[in-house]
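Participant: What follows is a protein structure lacking sequence information:
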């Protein structure tokens, strides 16, 4: 059965059920259940357990945010609710897209403890205690797609829960429980924007629910819509971003007095300037960086030799016949002095001096401070524009006292578009002397021999390499449209005594369509920029693309480098070629743009079938401490997905989403759980009980393109206990083994290479010597190397041993007061990481790990790196969670005082976040790092201290809530050493100007007032407003620390607010 037919059947079946339930009720002749019987004795299912209990008697820490607090804060997105938890690290949100060409642009994922890998999740997201259909190929759930208006509460478990729910619950569980019992009508509309007039957001939601058949049946329907226009390009719209703080390498410093025309030996590490007169180094007396550390943080970060107008960079000697069939690659030479470091005018006809800034390497993607370079933060949106809507229907009916049928049906859609850099190297654009778009004056210089005695300058004509930033003219974007459908049909009932059963079938479907507007077609682009006159002797003849070099084609075919199909493709491209003028700005022909840059697409389709059945009840009454309860069941899940890219060859493009891939994952699991009261009302204390659970998992993965299959078996378990010493003092502890099997993308994504020599296609090869610097090992940080990234079908499941121990104090003498303190430790083994090419090379060099993934053409030169997914080591995180709450009716202080005071405090202290990427590798403790994520992005360390405080005052009609969010001071990068750190010296390789990030405290306020529609206050119109970042606090400086791969922002938006002050106002209607 195909996806569309399955969905159609489920939709029709659910709709039919919703229509006929009232009819079934009217036809019933059996006696109706009493309200007390329908209530089921008040037992609830606590997140983290499959056994129903009275109250939240759970050994694992559970934090609950209910609908009342959500409304008081004016929150309109499930992601905002999850962000209240200081344990949640919002690494993927509408504030973190940057310039990433990611199909997850605008998504919002839960990430407890910061443990999520790049293409997976270690936080399980549930809806109504059931798995939700993954909305990405990494298995994450986009919180945008869950209607916030229907949320009854959100329960967050910050401990391992694989024994209860299976794979992914290593860091914990976020369980979004919708209010399926809601009756009546409620609606909301609100509008908000920042204090600067951007970030405009319109939100509307409504829900309606009713009981029928004397309460035996219930039906509810709801929906939500939001359109957020986002916040524009960072450096253009925020002053703190325009300052462009960033990190450069002092190794780019140059001695004063160098000859800017002396390029006898080309040293790309030093902006093309080299030779005995300008040897460089941060520890060389006389250089501009003498006495400064190796990494320098300063204002004015720019992309080296990148300008909207085009910069003349390296020079080559014309006449070579090597390279492609249409654009030769020439040996580097010394240039004519009149064209050294020049930038084109806007009309592209003249040139003027160009300042490349300080500390800048002449590398694609390199950065420098100051100068005429385009700013490093000009292109990224601060907030991703997102439009989303979601609909939800739930119905249930008691067929008898012992049997209930229920159904859920939801559909959601998210559309997002994010600004992105136009992918491709920006400085290997070879411009030859006969280029038709060169002005006559420039062409004359390019073709004129140098004056006698000017050796070693060669004989003209010359070819130069152009540095060009096309983003202002192309305005490139990535657009994403994600759609999620979910349907559930369930049955539940009673067996005998207190034994109950539950079974359901769930079908889910996710479709995601991603498109990048402009991706450079390599062959087409280089043909287009090689523009010449059709008649070289006539300067007024038509401008065309240079005809193909037939001699080079013949040589390539004879040598086996060119296939006949490729030659045919080249001839077709050349026949359709449109000349492209890169000089200046606004001079590119739209037809040439359409020829040289093409859209890149990725379509992801995923479907999921789930079958689950369980029973639970009392096994026997025990020995007086209470009944011994058990739960057991079977879960089956079948996932199937495929990713396609429009049938294009990704090797033809500077950027592509990759190769097509597809796969299937089938999981069958059995679980058993028991709760054993040991004693109650004893001399040893009020109560002690143990809880234990075990789950067996069989996971079969099949690559449906290659028919390759494999099966893994895993066991997860948990043991926990709670001990009430006396009424109000409780101790609790758990020990668990949790697992995570590799997800869809980690397993099945096919490897595709980056373009060698681009910012993504080079590595810092510390083994390679560079003659230009005297043969010093490690002097060449730009070994041009294709890097292959993708999935790994041999990945083993991750295993985590989690320990929690805590105390809960709720004194009887202080009604409404409760505090808890819990210690946690998670030891993750065989962690799956999506390694960068540089990380693979570093691990091979430093620890001898993964050297089989590095290919050397000689003892030193790296020619290929196999990066991508791998089981690479250990992650251990330790810390404390603290929570306090107090509800004080003011009448307790004085009878005439109205209202109540609500206080709540949530704190996380992480004191260890140790990462060791394999045996023998260096173990680094990343706890406290609040600078941008470390290379690879497979974990997200956080400041050691993070907390949220909520102070609320409410009466029957009025509510005021103040929220204070604090991010503690942190370390910029634990792999660097600053003046604040032991062992600092400016001449060591990892020294940095400062290695600290300031703390930040944000204040938010919200108010609401209810206007009754009658005598019943529950029927009302409520007006509300909220202000976030009330003091408009700008984020602290926290740039990336890689001079060749700068971060997307000069701060870290995962922790720090980048939007600025923003307000929201609206109204709610309820009756």
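Facilitator: Great, that's in hand. All of these numbers come straight from a predicted model, not from anything done at the bench. Residues are numbered from 1 along each chain as shown.
Participant: any idea how far the closest residue to residue 1053 other than its chain neighbours is from residue 1057?
Facilitator: The spatially closest residue to residue 1053, leaving aside those adjacent along the chain, is residue 95, at 4.3 Å (C-beta to C-beta, 6 or more residues apart in numbering). No exception for glycine: its C-beta is placed from N, CA and C like everyone else's. Distance of residue 95 to residue 1057, computed by C-beta to C-beta, to the nearest Å: 8 Å.
Participant: Then residue 341?
Facilitator: Distance of residue 341 to residue 1057, computed by C-beta to C-beta: 40 Å.
Participant: do residue 949 as well
Facilitator: 16 Å.
Participant: now stretch 943-953: mean pLDDT?
Facilitator: When pLDDT is averaged along stretch 943-953, the result is 97.
Participant: Over to stretch 1028-1040?
Facilitator: On average, stretch 1028-1040 scores 96.
Participant: for it, how far is the first residue from the last?
Facilitator: Taking C-alpha to C-alpha, to the nearest Å, stretch 1028-1040 runs 26 Å from one end to the other.
Participant: Pairing partners for whichever helix or strand residue 175 is part of, with directions?
Facilitator: Element membership for residue 175, per DSSP states H and E: strand 172-178. Here strand 172-178 is paired, per DSSP bridges, with strand 123-127 (parallel), strand 151-157 (antiparallel).
Participant: what ranges do the helices span in the stretch 451-600 of the chain?
Facilitator: 471-474, 522-529, 550-559, 564-576, 590-596 (DSSP state H, counting those that start in this stretch).
Participant: roughly how far is the last one from the heart of the chain?
Facilitator: For helix 590-596, the distance between its averaged C-alpha position and the chain's averaged C-alpha position is 32 Å (C-alpha atoms, centre = their mean, to the nearest Å).
Participant: in it, what counts as buried?
Facilitator: By 16 or more other C-beta atoms under 10 Å, the buried positions in helix 590-596 come out as 592-593, 595-596.
Participant: I'd like these written out as JSON lines, with distance to residue 519 and pLDDT added.
Facilitator: Below are the buried residues of helix 590-596 laid out as JSON lines (distance: C-beta to C-beta, whole Å; pLDDT from 0 to 100):
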{"residue": "592", "distance to residue 519": "15", "pLDDT": "97"}
{"residue": "593", "distance to residue 519": "12", "pLDDT": "96"}
{"residue": "595", "distance to residue 519": "13", "pLDDT": "97"}
{"residue": "596", "distance to residue 519": "10", "pLDDT": "95"}
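Participant: out of residue 949 and residue 1057, which sits in the more crowded spot?
Facilitator: residue 1057 (21 against 16; other C-beta atoms under 10 Å).
Participant: Which strands and helices lie in contact with the helix or strand harbouring residue 81?
Facilitator: Residue 81 belongs to helix 78-82 when assigned by DSSP H and E. Applying 3 or more C-beta pairs under 8 Å, 6 or more residues apart in numbering; DSSP states H and E, one finds that helix 78-82 contacts strand 151-157.
Participant: Just the residues contacting the strand it packs on, thanks.
Facilitator: 46-48, 60-67, 70, 78, 81-82, 85, 87-88, 112, 169, 172-180, 182 (C-beta atoms under 8 Å, 6 or more residues apart in numbering).
Participant: ok, now stretch 381-389?
Facilitator: Contacts for stretch 381-389 (C-beta under 8 Å, 6+ apart): 94-95, 97-98, 105-106, 144-145, 199, 223-234, 237-238, 241, 412-419, 1049, 1053, 1058-1059.
Participant: Those in strands, which ones?
Facilitator: 223-228, 231-233, 412-419 (DSSP state E).
Participant: Could you check the pLDDT of residue 999?
Facilitator: Value listed for residue 999 in the pLDDT field: 97.
Participant: My error: substitute residue 549 in the last question.
Facilitator: So residue 549 comes in at 88 (pLDDT).
Participant: What pairs with the helix or strand containing residue 387, parallel or antiparallel?
Facilitator: Using DSSP H and E, residue 387 maps to strand 386-400. If you go by DSSP bridges, strand 386-400 pairs up with strand 217-228 (antiparallel), strand 403-419 (antiparallel).
Participant: What residues sit buried inside the first one?
Facilitator: Buried residues in strand 217-228, counting neighbours by 16+ other C-beta under 10 Å, are found at 217-226, 228.
Participant: can you check stretch 543-553 too?
Facilitator: 544-546, 548-549, 552-553.
Participant: List the contacts of the closest residue to residue 716 other than its chain neighbours.
Facilitator: Spatial nearest neighbour of residue 716, excluding adjacent residues (C-beta to C-beta, 6+ apart): residue 162 at 3.8 Å. With contact taken as C-beta under 8 Å, 6+ apart, residue 162 is in contact with 168-170, 695, 716, 718, 736-740.
Participant: and residue 162, what pLDDT?
Facilitator: Residue 162 is given a pLDDT of 92.
Participant: Now it, what are its backbone angles?
Facilitator: Main-chain dihedrals, residue 162, degrees, to the nearest 10: phi -70, psi -30.
Participant: ok, it to residue 666 distance?
Facilitator: Distance from residue 162 to residue 666, by C-beta to C-beta: 18 Å.
Participant: Report the separation between residue 110 and residue 139.
Facilitator: Noted for residue 110: a distance of 12 Å to residue 139, by C-beta to C-beta.
Participant: my bad, residue 958
Facilitator: Distance from residue 958 to residue 139, by C-beta to C-beta: 43 Å.
Participant: So the two - more neighbours on which side?
Facilitator: residue 139 (27 against 13).
Participant: Who are the contact partners of the more buried one?
Facilitator: Residue 139 is in contact with 120-121, 168, 743-745, counting by C-beta under 8 Å, 6+ apart.
Participant: Can you flag the buried ones in those?
Facilitator: 120-121, 168, 743-745.
Participant: who does residue 691 bridge with?
Facilitator: Beta-bridge partners, per DSSP bridges, of residue 691: residue 675, residue 720.
Participant: list the contacts for it?
Facilitator: 49, 51, 59, 673-676, 718-721.
Participant: Name the nearest of those residues relative to residue 886.
Facilitator: When the contacts of residue 691 are ranked by distance to residue 886 (C-beta to C-beta), residue 59 comes first, at 23.7 Å.
Participant: So the closest one sits against residue 734, correct?
Facilitator: Yes - using C-beta atoms under 8 Å, residue 59 is in contact with residue 734, at 5.1 Å.
Participant: how deep is residue 1011 tucked in, by neighbour count?
Facilitator: Residue 1011 has 11 nearby residues by other C-beta under 10 Å.
Participant: where's it relative to residue 960, distance?
Facilitator: Distance from residue 1011 to residue 960, by C-beta to C-beta: 17 Å.
Participant: how close does residue 482 get to residue 432?
Facilitator: With C-beta to C-beta as the criterion, residue 482 and residue 432 are 45 Å apart.
Participant: more neighbours, those two?
Facilitator: Legend: neighbour count by other C-beta under 10 Å for residue 482 and residue 432, higher for residue 482 (26 against 21).
Participant: element containing residue 208, please.
Facilitator: strand 201-212.
Participant: tilt between that strand and strand 386-400?
Facilitator: Taking axes from the mean of the first three to the mean of the last three C-alpha atoms, to 10 degrees, one finds strand 201-212 and strand 386-400 inclined to each other by 10 degrees.
Participant: Tell me which stretches of the stretch 551-700 of the chain form strands.
Facilitator: 597-620, 628-644, 661-682, 685-703 (DSSP state E, counting those that start in this stretch).
Participant: Show me what residue 416 bridges to in the sheet.
Facilitator: Applying DSSP bridges to residue 416, the residues it is bridged with are residue 386, residue 480.
Participant: so who does residue 612 touch?
Facilitator: 130, 502-504, 506, 633-636.
Participant: Fine by me, thanks again.
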